[in-house]
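S.K.: Here is the input, now give the coordinates:
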Amino acid sequence: MTEPTAPDSLNVWQQMLSRKIRVPDQETRADARLNCYRELCFHNLESFLANTFPICKKILGISLWTAQIDDFFAGTALKTPYFSEIPEYFIDYLNSAEDLLQKFPFFLELAHYEWVEMALTLSQEELPPPIDGEPTTTPLALSPLAWPLIYQFPVHQINRNFTPTKPLSEPVCLLVYRDRNDRTHFDVISLMTYRLLVWLEQNPAKTLDQTLAAIAPGLHLTNQQRLELVQILLDKPALVYSRQPFIELPTETN
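M.R.: As a prediction, the model looks like this:
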């Protein structure tokens, strides 16, 4: 294929430059200017991903981590101008990194767990006002800054010295949320609490009693169990807020 000899299309030249930078050939590596620009782009990308996924980098080590970032850099067409969105592309890339996931089966979940902190920190969502009324009878909704999560691996415990090879017999449920002081918290929660929060997220403007009846039909909770669930909501006022059902106004007739 003959390369254009004139800038008949700026887009064509940009794509050519992008290919040379992401997948350098011998000519590119011999060109000091292009090679310098490639190293600048690569190191900016690697530095940002290392800050987002610090535990992932420690587990892989410098050599393997650099190889994965190089492969991601070469094979992923980023369609965003925002650095903060690049980690989502990296997580998508890890979905198909079969060799890596075979060696570290927890890696995809760990990367997602590390990404959550950055995503919540940068979220433009606003924290709603606290509950106004009795928690058991007030219609509630989950805060957009509270994310109930469920994983097959104990991602909150994984580090360079603990790298599990098999999923847990029961999943681990976590709650990640941002409080009114913009601090991000990670809590281990029960499966019941996870189901309650997910149902509130999907079905806003329901009371706690309605929620419990929906997620556990036929389950007869003791007063103590109900109080414990209510206490979770009271102890973490950033989780839920009062949300009245939408009322359909009657149409006016002439």
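S.K.: which stretches of the stretch 51-200 of the chain aren't confidently modelled?
M.R.: 135 (pLDDT under 70).
S.K.: Strands of that one, start to end?
M.R.: Along the stretch 51-200 of the chain, counting by DSSP state E, counting those that start in this stretch, strands occupy 140-142, 146-151, 172-178, 184-189.
S.K.: Check the gap between residue 74 and residue 68 for me.
M.R.: 11 Å (CB to CB, to the nearest Å). In short, each C-beta sits where N, CA and C put it, glycine included.
S.K.: and stretch 73-82, how far out from the chain's middle?
M.R.: Stretch 73-82 sits 18 Å away from the centroid of its parent chain (CA atoms, centre = their mean, to the nearest Å).
S.K.: how about that stretch: buried residues?
M.R.: Burial within stretch 73-82, assessed by neighbour count using 16 or more other CB atoms under 10 Å, is assigned to 73, 78.
S.K.: now the end-to-end length of it.
M.R.: End-to-end distance of stretch 73-82 (CA to CA, to the nearest Å): 15 Å.
S.K.: Other residues contacting stretch 171-188?
M.R.: With contacts defined as CB atoms under 8 Å, 6 or more residues apart in numbering, stretch 171-188 is touched by 113, 116-117, 120-121, 123, 127, 143, 145-156, 189-191, 193-194, 197, 236-239.
S.K.: that older thread, closest to residue 95 out of the strands of the stretch 51-200 of the chain?
M.R.: Nearest to residue 95 among the strands of the stretch 51-200 of the chain is strand 146-151 (15.2 Å), distances taken as CB to CB.
S.K.: what's in contact with that closest one?
M.R.: Contact partners of strand 146-151, identified using CB under 8 Å, 6+ apart, comprise 109, 113, 116, 120, 142, 171-178, 189, 193-194, 197-198, 201, 238-240.
S.K.: Give the partner strands of that strand in its sheet and their orientations.
M.R.: strand 172-178 (antiparallel) (DSSP bridges).
S.K.: contacting residues around residue 49?
M.R.: By CB under 8 Å, 6+ apart, residue 49 lies in contact with 57, 69, 86, 87, 90.
S.K.: Just the ones of these in helices?
M.R.: 57, 69, 86, 87, 90 (DSSP state H).
S.K.: Pretty sure residue 201 sits in a helix.
M.R.: Yes: the assignment for residue 201 by DSSP: H, G, I helix; E, B strand; the rest coil puts it in a helix.
S.K.: The nearest residue to it once chain neighbours are set aside bridge partners, please.
M.R.: Using CB to CB, 6 or more residues apart in numbering and skipping the chain neighbours, the partner closest in space to residue 201 is residue 142 (4.1 Å). Bridge pairing for residue 142 (DSSP bridges) gives the partners residue 240.
S.K.: Does residue 142 touch residue 200 like I think?
M.R.: Yes: counting by CB atoms under 8 Å, residue 142 touches residue 200, with 4.4 Å between them.
S.K.: show me the contacts for residue 68.
M.R.: Residue 68 touches 60, 97, 100, counting by CB under 8 Å, 6+ apart.
S.K.: ok, back up a step: now intersect the contacts of stretch 171-188 with the helices, please.
M.R.: 113, 116, 117, 120, 121, 191, 193, 194, 197.
S.K.: Most neighbours among these, which one is it?
M.R.: residue 197 (26 neighbours; other CB atoms under 10 Å).
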